[in-house]
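Student: Only the shape, not the letters, is given here:
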C-alpha cells in the first residue's frame, strides 16, 4: 500500500429521532461536498432539552478523507 495522508474534521449532526440518525446526517451532509470519505467515528453524544423534554439528539462525529495527489 502506498503512503497516504488523511484529513480529520469534526462535525455535529442533529436529529429529532435518534443519535444514529444524527451521526448519519453528519456523514451524509459531508459526503455532498467532500470526496473520498473513509472513516467516521462518533466521539460524543448529547441531547438538547426544551421544556423538560428531549427536542434533539446530537452526535459529534470525526470524519476522515484522503488528500488527493
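Tutor: Noted; the coordinates are in hand. On a predicted model such as this, the values are computed, not experimentally measured, just so you know.
Student: So what's the predicted local confidence for the residue nearest to residue 49 when sequence neighbours are not counted?
Tutor: If the residues on either side of it in the chain are set aside, residue 49 comes closest to residue 55, at 6.7 Å by CB to CB, 6 or more residues apart in numbering. The way it works is simple: take the backbone N, C-alpha and C, and place the C-beta from them, glycine included. On pLDDT, residue 55 comes in at 96.
Student: tell me which element residue 55 is part of?
Tutor: strand 53-66 (DSSP states H and E).
Student: can you list the residues that contact that strand?
Tutor: If you take CB atoms under 8 Å, 6 or more residues apart in numbering as the criterion, strand 53-66 is touched by 4-23, 26-27, 30, 34-49.
Student: From those residues, keep the buried residues only.
Tutor: 11, 13, 15, 19, 21-23, 26-27, 30, 40, 42 (16 or more other CB atoms under 10 Å).
Student: Residue 54 versus the spatially closest residue to residue 27 that is not a sequence neighbour, what's the distance?
Tutor: Computed as CB to CB, 6+ apart, the closest residue to residue 27 that is not its neighbour in sequence is residue 40, at 5.0 Å. To residue 54, residue 40 is 23 Å away according to CB to CB, to the nearest Å.
Student: now do residue 21
Tutor: Computed as CB to CB, the residue 21 to residue 54 distance reads 13 Å.
Student: So, low pLDDT: which residues of this protein?
Tutor: Of all residues in the chain, those with pLDDT under 70 make up the ranges 1, 69.
Student: Start and end of stretch 11-24, how far apart?
Tutor: 11 Å (CA to CA, to the nearest Å).
Student: try stretch 33-40
Tutor: 15 Å.
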